[in-house]
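Q: need a structure here:
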Amino acid sequence: MHSEELRPITPVAIHNLHDHSGRVPPQAIDVEEYILSAMLLDPNAVTIATAILPTDAFYLQKHQAIYSALLDLSEKSQPTDIITAAQRLRSTNQLDMVGGLPYLNHLSQLSPTSVNTEFYARIIVEKALLRQAISSMTKRITEAYDPGTDAFELLDGTEKDLFEISHSQVRKTAQALRDILQDTINHIQEIAQHDGQISGITTGFTDLDSLTGGWQDSDLIIIAGRPSMGKCVDADTPILQADGQLVRIADLYDRQNANLLTLGEDSQFSVTQPSAYIYDGIKPVYRVTTQLGRTVSTTLSHPFLTYQGWQPLGDLTIGNCIAVPRELPVHGIHTVSDSAITQLVHTLRDPHQIQWSLPDSKATAIKLKGVQALPPWVFTLNSHNLSDLVGQLFGNSFSNVVVSSRLLAQQLSHLCLRVGMVCKISKRLNGWSVTPMREISQGENHIIFDEIVRIEALGDRPVYDLTIDETHNFVASDVCVHNTAFALACARNAAMNPTNPVPCAIFSLEMSSRQLAQRLITSEARVNGQAVRSGNLSQDNFNALVAAASRFHNAPIYIDDSAGLGVLELRAKCRRLKSERNIGLVLVDYLQLMQGRSSNDNREQEIANISRSLKELAKELDIPVVALSQLNRNAEDRKDRRPQLADLRESGAIEQDADVVAFIYRAEYYGIKEETRNGITLETEGMSEIIIGKHRNGPTGSVDLKFLKQYARFENYEKYHRTLPDQEPEEDPF
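A: You can find the predicted model right below:
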């Protein structure tokens, strides 16, 4: 028999496969015939097959046409025999294409029963999946050879293709309303069976669940709050500018303009501009002193770079090492004469014989107390003048210089960093000593690690912060410094629901996994978070923490603290967790720290792409995705400080893509002690308001919760019980 006689008479559907090797795609034509034969003879076989097989699972186009005709007949409750099938095919002009009545008669003579229909259908599905895999991978291989293809987008597309193939036989397409109605009625019936209970994933907060119905599948939920609450430095902290000036951070806030140094992942400094200048009120401040004598004053929640990554001051103790600049590659453009440099050096070494011109009152003060600080023009000197100043001051032997004030010593040490020389500052009986450290390694990195020798409480002071996009850090006082409780509570309540626990994935771009776990167990145990960080724990508190940890031991919560997470990587990880752990909720903390797909986009476009990708992820996995988002400062210009949709930071696309937007508002934080609602005056102490500003499929409104700031814990309002007050700096409820 010739090979031509074995080839099918009708066209073969290869599903866009471009294979020029002559290989035949996976198929089982004889099994397809047996399935169709059973359907022509036994209506029960139609019921079994339609539950498993999509139309394009058949390899031969004529088999697809026959199967489709039988499905149409079955849906209309008409017989599925040879005569009715032929009539249906004739009405669609497909009877001749499938081989006419002779071929239908051939199928009927195979005489199978419906007993093996499901087994045969599984075989056809497997072959169809293999063809889809070949088609998809062939397409991706072709794209990989294209020099213009983005590698990460290619990998994301490939993984998405495989995920869809493994979870369904065909990609979903637009459905006619008649096909959706029955599923919708079933869903409504299921909701009715809850007897008024929520239909989505519980938040654990009764009033909020009543308003939203719980977090719904496929929804993108945005939880928005103030940025950088509490992560600040003292108002007098000097910040080095690109032109060489040292400017107080409070003055930068007034200017709303700065060019300063930030540390990149390559441990090199570069110049950047803040995207926001933040005054965060008056807060407890602590001064950190290092072994080299450098000092910086910050709040306890402000992070420092350590060997283990960025960690807040509250987690650090004496003996920990933090990153400090080894050199500061900044020079000014101001030029002075060599004699002016010489006069300055003589005055610094012997302040009783002033060598530069000063008003009489200042000259008298200097003679009595010594030079207290450098004149401002010194910091804008060009590289030649600056090198000359340092060289004359310390000499060829790099001997130490003793000055009369700590500020002056710190300023001289700072100038030395500009010429690549590290100095140590130490207290002496006759003043402050600045000593060059010749043993410091001159490696390629711009930083070294310096041991903390003292942490002192300075009391309450005005504090400020700068938002630095991408790197999220800046140099303050010659030290590298960096710039979630409600959402965590929602994830905890969903995962630990006693009747229906939902596996949750938490992606933290700001806090480490250990910090998140610590916040979860301190909140659960009702133990003061600051007491844990300082180690000042009673035995009862420690036992409560252990008991809380044991309750979380089997909770289906998965934490990923990968830094610099991009949307493509997030989607890949979520698909994997959905497949392996069947996660039902994703939490992203927070949206503005994520990386977009393209470095060419401006920030607004990048945030728009990120929010759109999160919405696509929610639809693809059919689970709620909760993303935390920052607010801009517009709310602070309003009398009651209540946030609005327009306050969502950086992009209106967040509002557009979100199904639910919830704001966290605490009047108490802004010093508002009383509020009037419906003519009733309420105290705001310990009260938090969750405002639903957008609800695509339901009502908007607000609900009251109790916030226990000493535990960073949210609770239902009616379940609140007053506890003994703990003295602790207020934590960020966001």
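Q: C-alpha from now on. contacts and neighbour counts both.
A: Noted.
Q: Return the residues in contact with residue 348.
A: Counting by C-alpha atoms under 8 Å, 6 or more residues apart in numbering, residue 348 touches 371, 403.
Q: Quick check: it vs residue 425, distance?
A: Residue 348 sits 16 Å away from residue 425, going by C-alpha to C-alpha, to the nearest Å.
Q: now residue 100
A: 98 Å.
Q: same deal with residue 61?
A: In terms of C-alpha to C-alpha, residue 61 sits 84 Å off from residue 425.
Q: Of the two, give the one with the bigger neighbour count.
A: residue 425 (23 against 18; other C-alpha atoms under 10 Å).
Q: Which phi and psi values does residue 147 adopt?
A: Here is the backbone geometry of residue 147 (degrees, to the nearest 10): phi -60, psi -20.
Q: Now for it, how many residues are close by?
A: 8.
Q: Let me see the contact set for residue 327.
A: So residue 327 contacts 417-422, 446-447 (C-alpha under 8 Å, 6+ apart).
Q: among the residues you listed, which are in helices?
A: Judged by DSSP state H, the subset of these located in helices is 417-418.
Q: could I get the contacts of residue 327 as a markdown table with distance to residue 52, pLDDT and neighbour count?
A: As requested, the contacts of residue 327 are exported to a markdown table (distance: C-alpha to C-alpha, whole Å; pLDDT from 0 to 100; neighbours: other C-alpha atoms under 10 Å):
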| residue | distance to residue 52 | pLDDT | neighbour count |
| --- | --- | --- | --- |
| 417 | 72 | 89 | 19 |
| 418 | 72 | 87 | 22 |
| 419 | 74 | 87 | 19 |
| 420 | 72 | 85 | 17 |
| 421 | 74 | 88 | 19 |
| 422 | 73 | 89 | 25 |
| 446 | 62 | 76 | 20 |
| 447 | 62 | 82 | 21 |
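Q: So residue 123: helix, strand or coil?
A: Under DSSP: H, G, I helix; E, B strand; the rest coil, the three-state class of residue 123 is helix.
Q: Which positions within the lengthiest strand in the chain qualify as buried?
A: What stands out as the longest strand in the chain, according to DSSP state E, is strand 447-467. The neighbour-count check on strand 447-467 (16 or more other C-alpha atoms under 10 Å) flags 447-455, 461-467 as buried.
Q: Stretch 41-57 too?
A: Here stretch 41-57 shows 41-43, 45-46, 48-50, 53-57 as buried, counting by 16+ other C-alpha under 10 Å.
Q: now, among these, which is nearest to residue 675?
A: residue 54 (60.0 Å; C-alpha to C-alpha).
Q: For residue 124, see how far away the closest one is.
A: Distance from residue 54 to residue 124, by C-alpha to C-alpha: 10 Å.
Q: next one: residue 411
A: 78 Å.
Q: So between those two, which is more surrounded?
A: residue 124 (23 against 19).
Q: how far away is that one from residue 72?
A: For residue 124, the distance to residue 72 - C-alpha to C-alpha - is 20 Å.
Q: for residue 588, same thing?
A: The spacing between residue 588 and residue 72, counted by C-alpha to C-alpha, is 45 Å.
Q: out of the two, which sits in the busier spot?
A: The residue with more neighbours, out of residue 588 and residue 72, is residue 588; 22 against 14, by other C-alpha under 10 Å.
Q: sec struct for the more buried one, please.
A: Relying on three-state DSSP, one would call residue 588 strand.
Q: tell me the contacts of it?
A: 506-509, 625-628.
Q: thinking again about what came up before, take the buried residues of stretch 41-57 and keep only those in helices.
A: 41, 43, 45-46, 48-50.
Q: lowest confidence element among the helices and strands of this structure?
A: helix 360-369 (a mean of 48; mean pLDDT, DSSP states H and E).
Q: And the residue nearest the centre of the protein?
A: Nearest to the geometric centre of the chain sits residue 590, at 3.7 Å (C-alpha atoms, centre = their mean).
Q: got a list of contacts for stretch 371-391?
A: With C-alpha under 8 Å, 6+ apart, stretch 371-391 has contacts from 243-246, 331-336, 338, 341-342, 345, 347-348, 351, 366, 403-405, 407-408, 411, 415-416, 419.
Q: now swap in stretch 683-703 and tell me
A: 207-208, 211-212, 644-645, 655, 659-668, 672-675, 704-709.
Q: Show me where the stretch 601-734 of the chain has its helices.
A: Applying DSSP state H, counting those that start in this stretch to the stretch 601-734 of the chain gives helices spanning 603-621, 653-657.
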